[in-house]
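Enquirer: A predicted structure for the sequence below; I have some questions about it.
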Amino acid sequence: MEAALPELRAFIRLRLGPTIRARESSSDLLQSVCREALLESPTLEFRGERAFRRWLFTVAERKIIDRARYWNAARSNPGHEGSSFDDASADEIARLRDSYAAFMRPSREADLREQVERLEAAFQRLSERDREVLTLSRLLGKSHAAVAESLGIAEGAARRALARALTRLSTELRGG
């Protein structure tokens, strides 16, 4: 689980919508996902690192969906309205940037916090399908064939969808 933490943190931050991001700490969500995974681990049959990572990211996705339902139902007052980096150390920001490196060109050496904030904001402006394709391919490291299978499309269509999503993300990062 420890080896998956940087990617899991990046996944959680990218999948949070503005509603949850404004109210909850990504570190708290990460900790909650890890706690839930550890509680479920005695019943888990280990089938390799890739299968474990898929399961772990599924746990995270379920947690995010649950939190979105909670906040959308407005059952509680917001508990956290500060910056999305209030809970992140400089080292954690650097690890986020490294996890997001698949989206960024190496020539971009701006401030770490600005890079992460810009990428997350641009990512949120993409369509759900573009976010899903990028998450599966670049963050989870799935092959084109695995992305195609996850989306229920042909491998060639998955390649084209990824190319279009990367182009759109690049356009968003340039400001429009």
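Expert: It's in.

Enquirer: what pLDDT does residue 125 get?
Expert: If you check residue 125, the pLDDT there is 93.

Enquirer: Select the helix or strand of the protein having the lowest average pLDDT value.
Expert: When each helix and strand of the chain is scored by mean pLDDT, DSSP states H and E, helix 90-99 comes last, with a mean of 70.

Enquirer: so what does the following helix or strand past it touch, helix or strand wise?
Expert: Per DSSP states H and E, the first helix or strand lying C-terminal to helix 90-99 is helix 112-125. Judged by 3 or more CB pairs under 8 Å, 6 or more residues apart in numbering; DSSP states H and E, the packing partners of helix 112-125 are helix 5-15, helix 90-99, helix 128-134, helix 155-173. Every C-beta, even on glycine, is put in place using the N, C-alpha and C of the backbone.

Enquirer: If you compare the directions of the helix or strand following the third one and helix 155-173, what angle comes out?
Expert: So the one you mean is helix 128-134. Once helix 128-134 ends, the next helix or strand along the chain (criterion: DSSP H and E) is helix 144-151. Helix 144-151 runs at 90 degrees relative to helix 155-173, counting by axes from the mean of the first three to the mean of the last three CA atoms, to 10 degrees.

Enquirer: Can you list the buried residues in helix 144-151?
Expert: For helix 144-151, burial by neighbour count (16 or more other CB atoms under 10 Å) applies to 144, 146, 147, 148, 150.

Enquirer: Next one: the last one, what pLDDT does it get?
Expert: Meaning residue 150. On the pLDDT scale, residue 150 gets 92.

Enquirer: Distance check, it against residue 138.
Expert: As defined by CB to CB, to the nearest Å, residue 150 lies at a distance of 14 Å from residue 138.

Enquirer: which of the helices and strands packed on helix 112-125 sits most buried?
Expert: Of all those, helix 5-15 has the most neighbours on average by mean count of other CB atoms under 10 Å, namely a mean of 21.

Enquirer: Contacts for that one next, please.
Expert: Residues from elsewhere that reach helix 5-15, judged by CB atoms under 8 Å, 6 or more residues apart in numbering: 21, 26-27, 29-30, 33-34, 53, 56-57, 60-61, 64, 84, 92, 95-96, 98-100, 116, 120, 123, 131, 135, 139-140.

Enquirer: Which of the helices or strands spans the nearest residue to residue 60 once chain neighbours are set aside?
Expert: Counting by CB to CB, 6 or more residues apart in numbering, residue 60 lies nearest to residue 33, which is 4.6 Å off, once chain neighbours are set aside. Taking DSSP H and E as the criterion, residue 33 maps to helix 26-40.
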